[in-house]
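[1] give me a 3D structure for the following:
(chains A, B, C and D)
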There are 2 protein chains.
Amino acid sequence: MSMIADALGVSSATVSNALSGKGRVSANLVDKIRKKADELGYVPSNAGRALRTGRSNVLGLVLPDISNPLFPQIAQAMEAAASNVGYGVLIADSRGKVTTQTQAISRLIERGVDGLVVIPRRGTRIGDVGCPVAMVDTPSTPGNTVSADHWEGGAKVARHLVDLGHKNFLLVGHDPASNVQNDRIGGMKSALGRNTRHTTIWLETLMHERGERASLGLIDHIKNDVTAIAAVSDLHALRVLTELQTAGIKVPQQVSVTGFDDLIFSPVVTPSLTTVHMDMARIAELAIAALVREIEQGKPAGQNGKAAKQTVTADTSKVSMELMVRASSGPAASPDAPFPTGETL
Amino acid sequence: MSMIADALGVSSATVSNALSGKGRVSANLVDKIRKKADELGYVPSNAGRALRTGRSNVLGLVLPDISNPLFPQIAQAMEAAASNVGYGVLIADSRGKVTTQTQAISRLIERGVDGLVVIPRRGTRIGDVGCPVAMVDTPSTPGNTVSADHWEGGAKVARHLVDLGHKNFLLVGHDPASNVQNDRIGGMKSALGRNTRHTTIWLETLMHERGERASLGLIDHIKNDVTAIAAVSDLHALRVLTELQTAGIKVPQQVSVTGFDDLIFSPVVTPSLTTVHMDMARIAELAIAALVREIEQGKPAGQNGKAAKQTVTADTSKVSMELMVRASSGPAASPDAPFPTGETL
DNA sequence: AGCGTATGATTAATCGATTAACCAGTTAAT
DNA sequence: ATTAACTGGTTAATCGATTAATCATACGCT
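    Numbering: from 1, shown residues only, chains lettered A, B, ... in the order given. Sure thing, here's the model as predicted:
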């Protein structure tokens, strides 16, 4: 910056003012400075700016477990949304453990992030971290900034299956302590209506009892007239799907299967998976916008008034989910022939 | 820092020396300063340090496409390896496009990263970016810093299938321009031996001709006596698997299927997928170590000697891959009964 | 005693950008 | 005509940590 100033015989303050458009500089001079800056390939030093302004223009993204298959979508959306408004994204993985998560958060804080986006793990408590925090979980969680409307998503798949004539459902969850999963299943149940039946199983509990790779015992449920299996994630839907196929049960002719999240493999498995898609880009946009708004209001850090919000609030806290009807869901099998055996390929 | 100095009546330079262990400070005083620092909850300012030292302690991770299902593993491993040696990780997604990638890289540079880890997309050229770059691709790519030994991995699965008695193979690739995939397939072919046959299909080409969700036409190959299908990714193996199951073909009784990468769903589909696992943690460790070594040698930026390396070199450039034998691969079906129909479940 | 050498700590400059305070002209207003 | 207000710019302080240069003692050795 001082090089530009020297080259044009002005002071560096003027250069700063010209480039930031803040002080009073003649339009003429602004042009010259801009041109010179380009010419010299000037790139503002983040360190210098950060030191002076106390802002790093970097946000932290805290994830419960990066290896979650949904993470790519999240990271991509957050990175795009942040970079659109001039922020970088520093990642931190807490590998499931709550203690690790606390460490991860402090590492980010020490790095001087201006704000945090947290995808919480059950049991996560965000203490006072000294910077704005956006939380992306589910609308029913207190402090949630913005998230997909998982309840509505559940309702949408369920209604789809009901419309197809299904009456007997198996709902497949993974972790009974997850708010997101509970909302999804809650939404499903709310839409099932009076003349249907449903059973819910939780895989984590099941696997704890029977081992990691045990069969899910789907056949029993099907013998019990279940014709639709709705899972809270495509990962579990996939597990269901392949288990059924191995047992020779036709999807969707005998049983319909649905998932959630529209993971990358969902469109390409056979039959392609009916699922519920979340608009992560929009969620990210809202979360980042809320965060940035808070950051740029310039918190006087010490002043912790009585209404010290733990997390920021977005314009909208729910983003609608979209049902993706594909090949794994179809009309309920007629009850007359519960076990069709013909090669209906 | 000056607060600590004031509180103990010493100069801030002494505090700096004490905490960094660089200058000469009496052991006694070092203790007192450490204690005071803890007491005051001192956290060094990254901005101040970065400004003075010219180092940000942040690395950039450039990915061709975050939505790649392998990305979680990569990001997690890189983040862990970096944070172990005191670095943060800033992500940048290039969404497949080469132009976007260039932009993403400059954004990272402007943010002042000390080094870059690039997972290149075919056609990626890393220009002179002014900081050390580690490239993670495949050993056969010029400039590759470190990566899994994809060729060896291919050889391992192929040998496994040969040992099971298979003689007629279908190799499934996606993108014929990908170095990684070519190495994997090359490795497979190298291990197939003389009295076997194989055909290779490339999904991208296929899908271009027949549409995104077209059948892969596996049945024809199987009628042609193929008993083993080896894909270059679990994603494609999964597609193969479900397509076979829908057609009523038993895996592994009639046909064995293998994949690559040990993606998150691979152990839980039915049958669980035989695949090749890469030790991403070790790859990340080597890449980061190479990068950090280069960074901390302190490049005099201007001095671009004739041997200006484009990318850094790691101690080892190949990391062995591990074969994970699971349920989707089994002995070759006896040629006498190419189409067993009994319910051998 | 006198000289050289460690030891332990201080001073002050520096990195690059921002910004409050100030200054010198010019124009407008009373 | 004198003051007020505006314009276009400059000065200098500041953010926090690092580090070369320097200084003041104390110690060891002949």
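
[2] tell me how far the residue in the stretch 201-345 of chain A that chain B sits nearest to lies from residue A:44.
    Here the residue of the stretch 201-345 of chain A nearest chain B is residue A:245; by C-beta to the nearest C-beta that distance is 3.7 Å. No exception for glycine: its C-beta is placed from N, CA and C like everyone else's. As judged by C-beta to C-beta, to the nearest Å, residue A:245 and residue A:44 stand 57 Å apart.

[3] so where does the residue nearest to the residue of the stretch 201-345 of chain A closest to chain B when sequence neighbours are not counted fall, helix or strand?
    Excluding the flanking residues, the one nearest residue A:245 by C-beta to C-beta, 6 or more residues apart in numbering or on different chains is residue B:245, at 3.7 Å. Under the criterion of DSSP states H and E, residue B:245 resides in helix B:234-246.

[4] need the contact list for the residue of the stretch 201-345 of chain A closest to chain B.
    Taking C-beta atoms under 8 Å, 6 or more residues apart in numbering or on different chains, we find residue A:245 in contact with A:251, B:242, B:245-246, B:270.

[5] can you do 10 Å?
    Counting by C-beta atoms under 10 Å, 6 or more residues apart in numbering or on different chains, residue A:245 touches A:251, A:257, A:269-271, B:241-242, B:244-246, B:248, B:251, B:269-270.

[6] wait, which of the residues you listed is closest to residue A:166?
    residue A:257 (11.3 Å; C-beta to C-beta).

[7] in a strand, that closest one, correct?
    Yes - Residue A:257 forms part of a strand when assessed by DSSP: H, G, I helix; E, B strand; the rest coil.

[8] which strand residues bridge it?
    Beta bridges link residue A:257 to residue A:229, judged by DSSP bridges.

[9] what does residue A:93 give?
    Per DSSP bridges, residues listed as beta-bridge partners of residue A:93: residue A:63.

[10] the top helix by length along chain A: how far from the chain's middle?
    If you go by DSSP state H, chain A has its longest helix at helix A:280-296. Distance of helix A:280-296 from its chain centroid, counting by C-alpha atoms, centre = their mean, to the nearest Å, is 13 Å.

[11] identify each buried residue in it, please.
    Within helix A:280-296, the residues that count as buried by 16 or more other C-beta atoms under 10 Å in any protein chain shown are A:280, A:282-292, A:294-295.

[12] pull up the pairing partners for the next helix or strand after it, direction included.
    Later in the chain than helix A:280-296, the nearest helix or strand by DSSP H and E is strand A:318-319. Partners of strand A:318-319 in the sheet, by DSSP bridges, are strand A:147-148 (parallel).

[13] any idea of the mean pLDDT in the partner strand?
    Taken as a whole, strand A:147-148 has a mean pLDDT of 98.

[14] neighbouring contacts of that strand?
    Under C-beta under 10 Å, 6+ apart, the answer for strand A:147-148 is A:119, A:135-141, A:179-180, A:183-184, A:260-261, A:276-280, A:282-283, A:286-287, A:314, A:317-322.

[15] in the stretch 151-300 of chain A, where is pLDDT below threshold?
    Scanning the stretch 151-300 of chain A for pLDDT under 70 picks out A:298-300.

[16] give me every residue that touches residue A:103.
    A:92, A:94, A:97, B:83 are the contacts of residue A:103 under C-beta under 10 Å, 6+ apart.

[17] let's see 8 Å
    Contacts of residue A:103 (C-beta under 8 Å, 6+ apart): residue A:94.

[18] just the element for it, please.
    Assessed by DSSP H and E, residue A:103 sits inside helix A:98-110.

[19] same deal with residue A:50?
    helix A:46-53.

[20] tell me which stretches of chain A form helices.
    For chain A, applying DSSP H gives helices covering A:2-8, A:12-20, A:27-39, A:46-53, A:71-84, A:98-110, A:150-163, A:179-192, A:203-210, A:218-223, A:234-246, A:280-296.

[21] could you find the closest non-adjacent residue to the residue nearest in space to the middle of chain A?
    For chain A, residue A:74 is the residue whose C-alpha lies nearest the centre (C-alpha atoms, centre = their mean; 4.9 Å). Setting aside the residues directly before and after it, residue A:74 is nearest to residue A:280 in space (C-beta to C-beta, 6+ apart), at 6.0 Å.

[22] test my guess that the one you found contacts residue A:71.
    No - applying C-beta atoms under 8 Å as the test, residue A:280 and residue A:71 come out as separate, 10.4 Å apart.

[23] list the residues that contact residue A:187.
    For residue A:187, the contact set (C-beta under 8 Å, 6+ apart) comprises A:150-156, A:158.

[24] and residue A:182, how many neighbours?
    19 (other C-beta atoms under 10 Å in any protein chain shown).

[25] contact partners for it?
    By C-beta under 8 Å, 6+ apart, the contact list for residue A:182 reads A:140, A:173, A:176.

[26] return the member of the residues you listed nearest to DNA strand D.
    Nearest to DNA strand D among the contacts of residue A:182: residue A:140, at 39.9 Å, using C-beta to the nearest atom of the strand.

[27] what about that closest one, how many residues nearby?
    By the measure other C-beta under 10 Å, the count of residues near residue A:140 is 14.

[28] how near is it to residue A:184?
    Separation of residue A:140 from residue A:184 (C-beta to C-beta): 11 Å.

[29] residues shared between the contacts of the two?
    In contact with both residue A:140 and residue A:184: residue A:151, using C-beta under 8 Å, 6+ apart.

[30] so stretch A:18-37, near chain B or not?
    No - Stretch A:18-37 stays clear of chain B (C-beta under 8 Å from any C-beta of the partner chain), getting no nearer than 13.3 Å.

[31] what comes up buried for that stretch?
    Within stretch A:18-37, the residues that count as buried by 16+ other C-beta under 10 Å are A:18-19, A:25, A:30, A:32-33, A:36-37.

[32] cool, stretch A:211-230 as well?
    A:216, A:218, A:221-222, A:226-230.

[33] residues of the stretch 101-250 of chain A that sit close to chain B?
    Contact residues (C-beta under 8 Å from any C-beta) of the stretch 101-250 of chain A with chain B: A:107-112, A:212-213, A:235, A:238-239, A:241-243, A:245-248.

[34] contact partners for the nearest residue to residue A:228 once chain neighbours are set aside?
    Spatial nearest neighbour of residue A:228, chain neighbours left out: residue A:166 (4.0 Å); criterion: C-beta to C-beta, 6+ apart. Contact analysis of residue A:166 by C-beta under 8 Å, 6+ apart lists A:196, A:227-228, A:256, A:332.

[35] can you tell me which two in those residues are farthest apart?
    Within the contacts of residue A:166, A:196 and A:256 form the most distant pair, 13.3 Å apart (C-beta to C-beta).

[36] out of the two, which sits in the more crowded spot?
    Taking other C-beta under 10 Å, residue A:196 and residue A:256 do not tie; residue A:256 has more neighbours (27 against 16).

[37] ok, and what's touching the helix holding residue A:50?
    Here helix A:46-53 makes contact (C-beta under 8 Å, 6+ apart) with A:55-57, A:112, B:45-48, B:50-51, B:54, B:56, B:110-112.
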